[in-house]
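Student: I'll drop the sequence and a predicted model, then ask my questions.
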Amino acid sequence: MSLPGPEDPHDQEEPDRFHQPIRDLPGVGAFATLGMTIAVCEAGGVVLGLWIDHRWHTAPGGLIFGVVLGTVVAVLSVVKQVRRFL
């Protein structure tokens, strides 16, 4: 004789509902990769721009150059990554 308690979720008729998060992990990973790509490219551009400003005393020209360069690299990288899914 067992005590009444919460039902075991694996006994239900809809087992796919519990495995859905596992199937979604590759999609979540792809979005995380896109976000990290953008963040790293932009951060790299800012660091490069600040270094240029410090080295040649061109503030804020180097920073602007770095941000633009980081944005271009980020867009190209994201486009390359997205084309794999099309």
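Tutor: Arrived safely, thanks for sending.

Student: the lengthiest helix in the chain packs against which elements?
Tutor: Criterion DSSP state H: the longest helix present in the chain is helix 16-56. Applying 3 or more Cβ pairs under 8 Å, 6 or more residues apart in numbering; DSSP states H and E, one finds that helix 16-56 contacts helix 61-83. (Glycine included, C-beta is placed from N, CA and C.)

Student: L50: what's it in contact with?
Tutor: By Cβ atoms under 8 Å, 6 or more residues apart in numbering, the contact set of L50 is G62, L63, G66.

Student: the longest helix of the chain to helix 61-83, inter-axis angle?
Tutor: Angle, helix 16-56 to helix 61-83, by axes from the mean of the first three to the mean of the last three Cα atoms, to 10 degrees: 150 degrees.

Student: from R84, how far off is V47?
Tutor: Using Cβ to Cβ, to the nearest Å, one gets 28 Å for the distance from V47 to R84.

Student: one more: I64?
Tutor: 32 Å.

Student: who's more crowded, those two?
Tutor: Ranked by neighbour count (other Cβ atoms under 10 Å), I64 and R84 place I64 first, with 15 against 7.

Student: tally of neighbours for M36?
Tutor: Other residues near M36 come to 10 when the count uses other Cβ under 10 Å.

Student: sorry, slip of the keys, the one I care about is A32.
Tutor: The number of residues packed near A32 is 10, by other Cβ under 10 Å.

Student: before we move on, what about T37?
Tutor: Taking other Cβ under 10 Å as the neighbour definition, T37 ends up with a count of 16.

Student: ok, F85 next?
Tutor: In terms of burial, F85 registers 7 neighbours under the definition other Cβ under 10 Å.

Student: test my guess that it contacts F31.
Tutor: No: taking Cβ atoms under 8 Å as the definition, F85 is not a contact partner of F31, at 10.9 Å.

Student: chain neighbours aside, what residue packs nearest to G62?
Tutor: Using Cβ to Cβ, 6 or more residues apart in numbering and skipping residues adjacent in sequence, the residue nearest G62 is I52, 3.1 Å away.
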